[in-house]
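1. here is a sequence together with a model predicted from it:
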Amino acid sequence: MIFEPQFETMPREKLDALQLERLQRIVAYLRERVPLYRERLDGIPEIRSLEDLRSFPFTRKADLRDTYPFGLFAVPRQECVRLHASSGTTGKPIVVAYTRDDVDLFARVNARVLAMAGGEPGMVLHNAYGYGLFTGGLGLHYGGERLGMTVVPVSGGMTERQLGLIEDLCPDVITCTPSYALTLAQAFAERGVTPDEISLRFACVGAEPWTESMRAEIDAGLGIRATNIYGLSEIIGPGVSNECVEARKGSHVNEDHFLPEIVDPESGEPLPDGEQGVLVFTTLTKQALPLLRYWTGDITSLDREPCACGRTLARMALIAGRTDDMLIVRGVNVYPTQVEAMLLQVPELTPHYRLVVTREGTLDEVEVEVEVSESYSDAAAGGLESDTRRPLEDRVEKLIRETIGTSMRVTLLAPGDGPRSEGGKLARVDDRRRLA
Ligand code: DLL
């Protein structure tokens, strides 16, 4: 079903006109209320077309950090009914705020994404995104309630309890990170529960990068159709975009609220549909913390072709990586997702992997630690101690050289020894260069 068909299937020209009208309004609002924008937009002419946005400067994470905690708010703090914070890896987090109307918008866009994923009123939603400062738990919680679902606010972690609740409450939809979906699938398998015995039918998985090969593992492991959910705290949290369960070919961006652009990572120049670059968002309707041309750092492309589901909203491809996750190994740019996609083409391997980056002299070295499958381990008598180990490692190293174009060392791990999500986002890269 489509939650707000009047917006989600709006003809392109009407959507463009709506975006322009909202853009003009939000720019005037920000010029009036936020000192940083008043200064930065000084001398930049009024917006007359959507293209005029291209003359605006980008807003970056540093702008939020530099004005921490409330400096970019466009309303008095007293009008904010909610704050969330995103945990940065370094230094202070970023604080984001919602007025009462923003919380309502947060609920509506999440009701939309749950419906895109296959959710319907009356279904049970098992929400295993973390509750608290992280936007995932509460965002999908409000979205599920708004759609008319029965929401089970499990939050992340305590895997045994999650399994028991799924067995007892028979949810139709689950929301969690893709790495945690795999943890749950594996825990069910260890209990001897087969995918067709699990009530779940749909999943909204995201909040971290993942690949088509991982989707196949999640679908098979839980007996579901998983769709990609994308969002970030600065823009609203979850609810920015989601794939429709019909096509699963790109995530529909709630464009009437979040205007997407793709720009060149180096020059910042706009790129045409279909080309990969950095995703940039302008919020069109938020009150407490609207942002103009926010540089997400996420790499993807846009597609505005009509979709089988009937929505006219542009679709963004699965995130290839973040500009700041990109590794440069012997001059070759590599995203962890490229390694993931490749590893999962090897039947003996599992999606439980990690990249360890070290520096020897002036060269970056990457070691891929990846867990082998149970069946490989059982078949190779003696498991990883057997003499099949080095030939398999060699084979994977060769595949990496040939498909990615750079060398990495591969180390096989025994089943159970690879990294697992314990409920939240899983760090795929262990960067030891800074420590050295
Ligand atoms: O992760 C919001 C969210 C919650 C999205 C629940 C989806 C589901 P942050 O913690 O601020 O917000 O992290 C945002 O996570 O810039 C991306 O780098 C990454 N990310 C989010 N969704 C995806 C996805 C939430 N589907 C940052 N694929 C973003 C790849 C994703 N990366």
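-> Great, that's in hand. Nothing here was measured: the structure is a model prediction, and the numbers come from that model.
2. ok, the spatially most central residue of the chain - contacts?
-> Central residue of the chain (C-alpha atoms, centre = their mean): Ala207, 3.5 Å from the mean position. Applying C-beta atoms under 8 Å, 6 or more residues apart in numbering to Ala207 gives the contacts 129, 136, 177, 229, 231, 238, 424-425. (Each C-beta comes from the backbone N, C-alpha and C, glycine too.)
3. likewise Arg38?
-> Counting by C-beta under 8 Å, 6+ apart, Arg38 has contacts 30-32.
4. before we move on, back to that, nearest to Leu343, out of the contacts of Ala207: which one, please.
-> Nearest to Leu343 among the contacts of Ala207 is Thr177, at 18.3 Å by C-beta to C-beta.
5. grab the nearest non-local neighbour of the closest residue to the ligand within the chain.
-> Across the chain, the shortest distance to the ligand (C-beta to the nearest ligand atom) belongs to Gly206, at 2.9 Å. Taking C-beta to C-beta, 6 or more residues apart in numbering, and ignoring the residues beside it in sequence, Gly206 has Ile229 as its nearest neighbour in space, at 3.7 Å.
6. then Glu160?
-> Ala187 (7.5 Å).
7. and the worst-scoring helix or strand of the chain on mean pLDDT, how far out from the chain's middle?
-> Ranked by mean pLDDT, DSSP states H and E, the weakest helix or strand in the chain is strand 327-329, scoring a mean of 85. Computed by C-alpha atoms, centre = their mean, to the nearest Å, the chain-centroid distance of strand 327-329 equals 22 Å.
8. that strand pairs with which strands?
-> According to DSSP bridges, strand 327-329 forms sheet pairs with strand 332-334 (antiparallel).
9. if you count neighbours, what's buried in the strand it pairs with?
-> For strand 332-334, the neighbour count (16 or more other C-beta atoms under 10 Å) marks Val334 as buried.
10. against which helices or strands is the next helix or strand after it packed?
-> Note on strand 332-334: by DSSP states H and E, the next helix or strand toward the C-terminus is helix 336-343. On a contact count with 3 or more C-beta pairs under 8 Å, 6 or more residues apart in numbering; DSSP states H and E, helix 336-343 meets helix 212-222, strand 321-322, strand 349-360, strand 363-372, helix 389-404.
11. surely Val75 touches Pro290?
-> No: with contact defined as C-beta atoms under 8 Å, Val75 does not reach Pro290; the gap is 9.9 Å.
12. more neighbours, the two?
-> In this view Val75 and Pro290 are compared by other C-beta atoms under 10 Å, and Pro290 has more residues nearby, 26 against 17.
13. residue contacts, the more buried one?
-> By C-beta under 8 Å, 6+ apart, the residues touching Pro290 are 26, 29-30, 74, 283-284.
14. helices or strands next to the longest helix anywhere in the chain in the packing?
-> If you go by DSSP state H, the chain has its longest helix at helix 12-33. Where contact means 3+ C-beta pairs under 8 Å, 6+ apart, helix 12-33 is packed against helix 35-40, strand 277-283.
15. buried ones in stretch 200-220?
-> Buried, per 16+ other C-beta under 10 Å, within stretch 200-220: 200-211, 214-215, 217-219.
16. apologies, that question was intended for stretch 95-104.
-> Under the neighbour-count criterion of 16+ other C-beta under 10 Å, stretch 95-104 has 95-99, 102-103 buried.
17. hmm, who's touching the host helix or strand of the residue nearest to Glu160?
-> If you go by DSSP H and E, Ala187 is part of helix 178-190. With C-beta under 8 Å, 6+ apart as the contact definition, helix 178-190 has outside contacts at 128, 156, 159-160, 162-163, 166, 174, 176, 195, 198, 203, 205-206, 208, 210, 214-215, 217-218, 221-222, 226, 351-352, 420-426.
18. now, which of those residues lie within strands?
-> Members of those lying in strands (criterion: DSSP state E): 174, 176, 203, 205-206, 226, 351-352.
19. quick check on the spatially closest residue to Phe202 that is not a sequence neighbour: phi, psi?
-> Nearest residue to Phe202 in three dimensions, chain neighbours excluded: Gly118, at 3.5 Å (C-beta to C-beta, 6+ apart). As for Gly118, its main-chain torsions (degrees, to the nearest 10) stand at phi 110, psi -10.
20. so Gly118 makes contact with Val245?
-> Yes: applying C-beta under 8 Å, one finds Gly118 in contact with Val245, separated by 4.1 Å.
21. Gly310 falls within a helix, correct?
-> No: counting by DSSP: H, G, I helix; E, B strand; the rest coil, Gly310 falls outside a helix, being coil.
22. residues in contact with it?
-> Taking C-beta under 8 Å, 6+ apart, we find Gly310 in contact with 2, 5, 9.
23. tell me the pLDDT of it.
-> Gly310 is assigned 98 on the pLDDT scale.
24. report the separation between it and Gly274.
-> For Gly310, the distance to Gly274 (C-beta to C-beta, to the nearest Å) stands at 22 Å.
25. same check, this time on Ile198
-> Distance, Ile198 to Gly274, by C-beta to C-beta: 37 Å.
26. any idea which element Pro260 lies in?
-> For Pro260, the host element (DSSP H and E) is strand 258-263.
27. just checking, Trp295 touches Ala62?
-> No: with contact defined as C-beta under 8 Å, Trp295 does not reach Ala62; the gap is 9.6 Å.
28. tell me the mean pLDDT over the helix or strand hosting Arg146?
-> Assigned by DSSP H and E, Arg146 belongs to helix 135-147. For helix 135-147, mean pLDDT rounds to 98.
29. ok, which residues in the stretch 301-436 of the chain are in contact with the ligand?
-> 319, 322 (C-beta under 6 Å from any ligand atom).
30. one more time with 8 Å
-> 318-319, 322, 425 (C-beta under 8 Å from any ligand atom).
31. tell me which two of the residues you listed sit farthest apart.
-> Farthest apart among these by C-beta to C-beta are Leu318 and Lys425. That separation is 15.9 Å.
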